[in-house]
Each structure stands twice: as C-alpha cells, then as structure tokens.
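Chemist: Turn this into a model:
(2 chains)
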Amino acid sequence: TCSYPAESELELGLGLSLGGTTGKTKPATATSSWGECGRILTAKDFPSVVSHRTKNGGPSVSVSGTKRAAESVSHEGGSPTGVSGSSQVVGWPPIRAYRMNSLVNQAKSQRADEGDSGIGEKDKPKDALKKKLNYNGNKISSTTTTVNEKGHLGFVKVNMDGIPIGRKVDLNAHSCYQSLAQALEDMFLRSTNSVGAEKEQLTKASKLLDGSSEFVLTYEDKEGDWMLVGDVPWRMFVSSVRRLRIMRTSEANGLGIHKKSMANHSCFSFSVSESCYSFVAAPRFHDSNERQRSKPI
Amino acid sequence: MQKKTAYSFPEEILEHVFSFILSDKDRNAASVVCKSWYEIERWCRRKIFVGNCYAVSPTMVIRRFPDIRSIELKGKPHFADFNLVPDGWGGYVLPWISKMAGAYPWLEEIRLKRMVVTDESLELVAKSFTNLQVLVLFSCEGFSTDGLAAIAASCKNLRELDLRDSEVDDLSGHWLNHFPDTYTSLVSLNISCLGSDDVSFSALERLVGRCPNLRRLLLNREVPLDKIANLLSRAPQLIEFGTGTYAAELRSDVYSNLAEAFCNCKELKSLSGFWDAVPAYLPVIYSVCSRLTSLNLSYAPIQNPDLTKLVSQCPSLQRMLVLDYIEDSGLEVLASSCKDLQELRVFPSDPFGEEPNVSLTEKGLVAVSSGCPKLQSVLYFCRQMSNAALVTIAQNCPNFTRFRLCLLDPKIADYRTLQPLDVGFGAIVEHCKDLRRLSLSGLLTDCVFEYIGMHAKKLEMLSVAFAGESDLALHHVLSGCESLRKLEIMNCPFGDKALLANAAKLETMRSLWMSSCSVSLGACKMLGQKMPRLNIEVMDEKGPPDSRAESDPVDKLYIYRSVAGPRFDMPPFVWTMDEDFASELS
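Modeler: This is a model prediction of the structure:
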C-alpha cells in the first residue's frame, strides 16, 4: 500500500551493489579480505565460478552429485540426511498439519476396520464412568463420535500454567509416556527464556509424571473431559487426546481417571510388558484416591 | 480572475475515474503521480491488502486511507503451515481490529490469513462492524466457537463466513443457533475445519433452509453421510458443496436419497470433502460429474479403479485435487478426459513410508502436461523424477504460472542418470516465462539457482529446501529474480555473503525466511544496523543470541521490510536485530 522512495538514496549511503540485478560483475577495484568486519560485500567479492560451469554441470558437480545420489539410491528412499520414518525433519515434507493429521487418522481407521464397512474408528469406552472435571466452564459433552477428531493425532497444543505461550508437540514422534514427558520437560522447563519468577517455578517442576513435582500432566480428551495423563494405554491416549496442559498439582484434584474396575472393556487392562508407565501406577493414582477418601463428608 | 490551466481536472471526475481502478498496483501507481492525485486516491480507496501485518501499522493505514470497506491481512510466514514457526510468534489481529473499530465503522469485508484471532477480537468485530458482509479466517487460530457465536448473533448482513483450515477451539455446537431466525443472507459458509460437537446439525439445517441465496456450503467431517441428502434438498441452488465424512454402511434408502439429492442440484460445479470415502457411495455423484469444474478428493482414500472411473466422468474439470492413489494410470486417464484442466494437486497418501505404496511417478505428471494444454498450476508430491521428464513437462506447458514439485526424499537425484535435477528445473524456468511461483526439491546444486536467476524474471515466490552448495546460489536468486517478493529457504548451506551483498534487494521484497541455514548472528546484526527499514528477526528457542558467538549460525531468520519499525509483541524466543540491539551488545 505504500510507495517506496528511490533506491538511489540508499545506494549512495551504503555503497551497495545494486547493479547486481543484471548479473554483471563490477570492474575489480582493490579487493579486500573477507576478514574485515562491518563492510558489506559486493558481487565482485565472489569467486568467479559461474563462467566455468556448463549447462550440464561441470565435472566437480557431478562427482559430488553422484556420490549423494548413490547414497540416496542405496538407502531405497531413505536419504543421507535421515529424512524417513521416525527421524523426521520438521517442516519436511511440506504438508500442512491439518492434512497430516487427516492422513494419520485415515491410516488408523483403515487399519482398525479391515473387512469393515468403512466406518471410522469406533468409540471404545462408551459407557466408561469417568470423574469429570469441569475445567474453565467447559460444557461437559456426553455425545460420542464415530469419527476420529482432526488434530488428535500428530501435533497437539500444550499449555503450562503460568506460561502464556503455548507450544505444540508431535505425538507421532513418541511411542510412550516417558518419551513424551521428557520432550515436554525439555520444551517448557529446560529453556532459558523464562524471566524472573517463572524461572523459580520451572526449576521446581520436574518429573511431570511421577508425582514428585508441583505440576502434573493432563489432557483433554475428545469428549471434552480433562484427564490425568498416563492412566490408559499409550495408543488409546493418542487416539483420544485433543490437547495437553501442564497443570499445577493443586488444581488437579479430582481429575478424571479411568477406573481399572471396568472389567468389560479389555482396552483398560494394562499389559504388563508396557513398562513405560509403571511409574504412573504408583504415587499419583493412589495419592488422589487417598486424598478423596480422607475428605470429610 | 483566476486562471485555470488546461490541465486541471475537477476532483470529482478523477475520483470517478479512480473508482474503476481496482488493482492495488494500479492504485499505487496512480497515487504517486502527483500530490493531488495522492490525496484524491487515498480518500476514495476502499480496499486494502496488507501482505505482512507487521510491514505497516494500523494507525498508518488509517491515517492514509480514511474510508476503507475491505481489508485483507496476512500474518505468519508461509512456513508456519509446516510447523516451523513456534506458537506465540505473533500475527495478532486484535490491534488492527481495535484501531479499525473506531475508524472504519462501515467496514464490510475482513479477510485474514495465518493470523491469531481471539474471541475478544471476534466479539469486537461483531460489535463494531454492523455492516460486515464477509469474514474469511484462512489458516487462523486462537478463537473458539464463542467468538463465532458473537459474529452470528450480530452480523445481520453477513454473506460469507469462511473458516478455511483454521484451528478452532470447540466449546459448543450451538453457535449456529445464534444466527437469528430473521437472518437469511448467507451465501457462503465454510466450516470444514470444525471438529465434533462444533456444529449443531439441526441448527445448520434450519440455517440452510432459510437462506435462499446459499451457493457455497462446505461441511465439517463430522456431518454423517445420511444427513447430506436432507441438507442438499434444502439447498438445490448450491454451486459448491463439501461433504462431511463420506462413509457409511451401504443402505439402499440412503443411497437413493443421496443420488436424488445430488441430481437435483442442477448448478453444482464444485465438490469437496469426501473424508474416509468408500467406493460404494461414489456413483451417487455421477449425475453431477459432467458439470464439475472443481473436484477435491484429497481427503478420500479411494483407490483405482474406482478413482479413475470417477475421474473419467468429469470432462469439464478445471481443478483437481487428489491423493497419489490415482497413480500414473489414473493421471493418464485424467489427461485424456479433462482437456480443460488448469490446476492439479497430487498429495501423498503415505509421506513417511520408506517404500512407495502406490505407483505414482514422474510419468503421471508428464502425461497430464502432455494432454492438458491449459495446465497452469501444479503441486505434485512423488518419489522419483528425472531431468528428461522435467524438460518434457516444461516444453509441454510453457504457460505454467505455479509449479511446485515435492520429492519426498528431499535430496534425491535424477533416478535415471543419477545427476542433480538442475537441468530439469532449469528447463522449467526457461520455458515458462510467466512462472510466478516455484518450489524446488531433489538433488540440486548452485547451477539451478543460476538458471533461476537468469530466466525466472516474473518469479514472485520461491521455496527452497535442502538445495545448493554455496552462497553463490542465494546470490543468483537475489540478484537475478527481478520480481521476487517472497523467498523461503530451509536447510541450505547459504550464509552471510549473499545476504550482505544483496541487502538492498531485501527492501524490494515482502519477506525472506531462512531456517537451518548458515547465516551468522554477526551478519544479522550487521543487517539490522545498516538496514533500518528491514526488520531482522532472529528466532531461537535455545536462548538469547548474546549468549553465543558472532559466528554462530542462527536457527531461524525472518527478514521483512517495514515502515512501522520493529514490533513489540514478540515472544521470548524472537529477537529483533536493530540498531539498538547491536549497539547494546558492542
């Protein structure tokens, strides 16, 4: 919307190489070493490699090119930079998060419905009794959905009490709670950005999942309920989580926890081999139970 | 007696003439002819486009243009779409809404892209702009259905509500109920991004039923297939429709109702949605296919032969979005059936798989380039490419305006010759003289950038990843691409030299993004000192830059021109390199 003044003003002041657009190199004057600080370089400071290149690429190019290409080919789709499978580079491939999540949802529902009529992943704990925490006045929704939520898989938002800036974490990059907790601790607690009071707060909040910190990790599931992270098998968590919140322990009383006694639902049974969350079964769960039992009626 | 020169022109006439000048470029040109034209023009400009919300302040816009009716604002850099910009970066619309609330009470259109929009902002919009007709929130975030409820309740003249690709916090599906019963002016509604419980279906049905001018309706995924027929029967005048989930048990009543409903939509030209689509229900749209000019199946896991069969029935297609399930064979059918095709986008169904899961290669794109003479815009994800194919494509389609090729393995070479893909992309820029947008991928040396600098004179936007070998590459682009406005680079070995040598060029562009490159902190500081009209923003989540050496590369760099000076709403992980910053630390 605004027009800009002529560039000539700028050119005189800073001696920049504005003639570079034509691609011509300026006549060489006294060259100076790159080591000088504060001097803005012009095109003439570049080694004149351009003229030696042929359209098909000079020999030096093809050698390195071949080398890299060979690596690519031998890795069968994996690249030397390791951009494949679980070691993904952020931002590659350039697919919007929305679409990415949609793809993952699709893959999950396709795997879940082999031989089915094609309906999306069915809801599991339809009659699960959960303690519901009315968080921030959210309406407690009891409708169940038959289709996976967009955004439940892949990147989910994470907020931490006391820190105004939220973050996002990629759930696909983790295969168990410990790995997720570690990542979140790194993200929120290890950064040196925080100032003043926040810093103190952060150093106290470590080990989010074992109940030893001032903070607990909670999540909102697709029915709008806030639950304690770690109660259910990892895969079930991933399929139902909408967003995460690192909550002050003091606010987390009465947070929803799946009752282990729901024997009808096999998805609740904890497989012994998933040692990742054996630490969860310990202090947090029992603590809150005990606290509730000791509440005066 | 006052002498009037032969050249003086009554203002009213000039104003009338200007009312026919709609493009921003032309308006801008007219405004610099002379002072009186500047004055007349600024009073009668009604539409503003701000490509970077930090390039100018709302106060400055309002001061110059006192009577704006339509505004478009863009916030975050494009790479935010791929999670490269951490939350909290910025792009807040509230300051704009607050200022405009007082200055532009007659504002009719608000279009926002990649901005943070809060419920507070939406409530302020609802309260301040009673004549609001168009609200487009494209890839925005930060608001909930409460904000939408405020809009629905107050904006009696709303014609278009488009939440395309936005992230909405769902609190209640009842926001639709806030459209009063007397509200009947809806023409376009896009709620495809909303999650479950965000939409009360009965409220939607009633809304659709009472809006006779509704032409565009894009539903969200949660609307079940068996509800579509009923909805369509209330809006047979639709031109563009997006389904919800397109999967259900096959039932003959549902099937026939759907088929009939679609058949009755005689003006339907564009279809999308199709989440989780099952082949069984595809034939219900066959009656519409011959008329379709736009088809988006990119969320449909439909495979061949069903997919190809569907495509073969759509001879009028101009725009096709699809997953790579279409394979080369399907694209060959597309090429032979759809001679009006202008835009093709092929997305990957399994981007992270090690092995290809479908047979989609360069051959499909070559076929389409050969069979579709009007092809102008391509976005193609695939796993292999050759220079020969790219040269053929370039020769077949000299009219390309947008060409984006994404090879899933970002550094893969020509699979036949094992050479870099320089020659292929070189052919693209050489033959396609009107190319405005280009995205590169594959194994690329500095050569390709030399070709780009030499030939891509109309190029406005260039996206580069994992390419090039030295600063020379960046220098070629910055010094050669005369029309360049946006340059975004990730993971390339580009450093200080090219940037510093072409610093002035950066003022002629909207923005430059560089992440995981080799630009040093020292160079950023230098740029900040020397170029007061550029905002040099360094993003680093590990800590403040003063804790590191000058020669250390910065993590992310975002440079944009601005007449508003450095911004003050930055999160802790963004630092502006301006004169103050540099002098503080020296």
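
Chemist: unless I'm mixing things up, B:Ala80 is touching B:Gly90, no?
Modeler: No. B:Ala80 is beyond contact range of B:Gly90, at 10.2 Å (criterion: C-beta atoms under 8 Å). All C-beta spots, glycine's among them, are computed from the backbone N, C-alpha and C.

Chemist: Which one's more surrounded, those two?
Modeler: B:Ala80 (21 against 17; other C-beta atoms under 10 Å in any protein chain shown).

Chemist: could you list every residue that touches that one?
Modeler: B:89, B:114 (C-beta atoms under 8 Å, 6 or more residues apart in numbering or on different chains).

Chemist: How is it assigned, secondary-structure-wise?
Modeler: helix (DSSP: H, G, I helix; E, B strand; the rest coil).

Chemist: Can you find the helix or strand in chain B with the smallest mean pLDDT?
Modeler: Of the helices and strands making up chain B, the lowest-confidence element is helix B:579-585, at a mean of 56, by mean pLDDT, DSSP states H and E.

Chemist: Is chain A within reach of the one helix or strand B:Phe381 maps to?
Modeler: Counting by DSSP states H and E, the element that carries B:Phe381 is strand B:377-382. Yes. Applying C-beta under 8 Å from any C-beta of the partner chain, one finds strand B:377-382 in contact with chain A at B:Phe381.

Chemist: Just the C-alphas of that strand, formatted as CSV.
Modeler: Provided in CSV are the C-alpha atoms of strand B:377-382 (Å, rounded to 0.1, in the frame of the first residue of the first chain):
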residue,chain,number,x,y,z
SER,B,377,-0.7,-24.7,-11.7
VAL,B,378,0.8,-27.8,-10.4
LEU,B,379,1.5,-29.2,-6.9
TYR,B,380,2.9,-32.7,-7.2
PHE,B,381,4.3,-35.0,-4.5
CYS,B,382,6.1,-38.0,-5.7
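
Chemist: Parallel or antiparallel, which strands does it pair with?
Modeler: strand B:343-347 (parallel), strand B:402-407 (parallel) (DSSP bridges).

Chemist: Export those as a markdown table, with columns for mean neighbour count.
Modeler: Shown next, in a markdown table, are the strands paired with strand B:377-382 (neighbours: other C-beta atoms under 10 Å in any protein chain shown):
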| stretch | mean neighbour count |
| --- | --- |
| strand B:343-347 | 22 |
| strand B:402-407 | 22 |
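
Chemist: any low-confidence regions in the chain?
Modeler: Because you didn't say which chain, this covers chain A. A:1-88, A:104-154, A:164-165, A:189-211, A:253-297 (pLDDT under 70).

Chemist: right idea, wrong chain: chain B
Modeler: B:1-8, B:196-198, B:579-586.

Chemist: residues of stretch B:485-499 that come out buried?
Modeler: Neighbour-count burial for stretch B:485-499, counted by 16 or more other C-beta atoms under 10 Å in any protein chain shown, picks out B:486-499.

Chemist: Same question for stretch B:124-137.
Modeler: Neighbour-count burial for stretch B:124-137 [16+ other C-beta under 10 Å]: B:124-126, B:128-129, B:132-137.

Chemist: and those residues as a markdown table, adding secondary structure?
Modeler: Formatted as a markdown table, the buried residues of stretch B:124-137 follow (three-state DSSP):
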| residue | secondary structure |
| --- | --- |
| B:Leu124 | helix |
| B:Val125 | helix |
| B:Ala126 | helix |
| B:Ser128 | helix |
| B:Phe129 | coil |
| B:Leu132 | coil |
| B:Gln133 | coil |
| B:Val134 | strand |
| B:Leu135 | strand |
| B:Val136 | strand |
| B:Leu137 | strand |
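
Chemist: So which of the buried residues of stretch B:485-499 sit within strands?
Modeler: B:486-490 (DSSP state E).

Chemist: filter these down to the ones close to chain A.
Modeler: Answer for those near chain A (C-beta under 8 Å from any C-beta): B:Met490.

Chemist: Show me which pair in the ones in strands among the buried residues of stretch B:485-499 is furthest apart.
Modeler: The span of these, defined through C-beta to C-beta, is set by B:Lys486 and B:Met490 at 13.7 Å.
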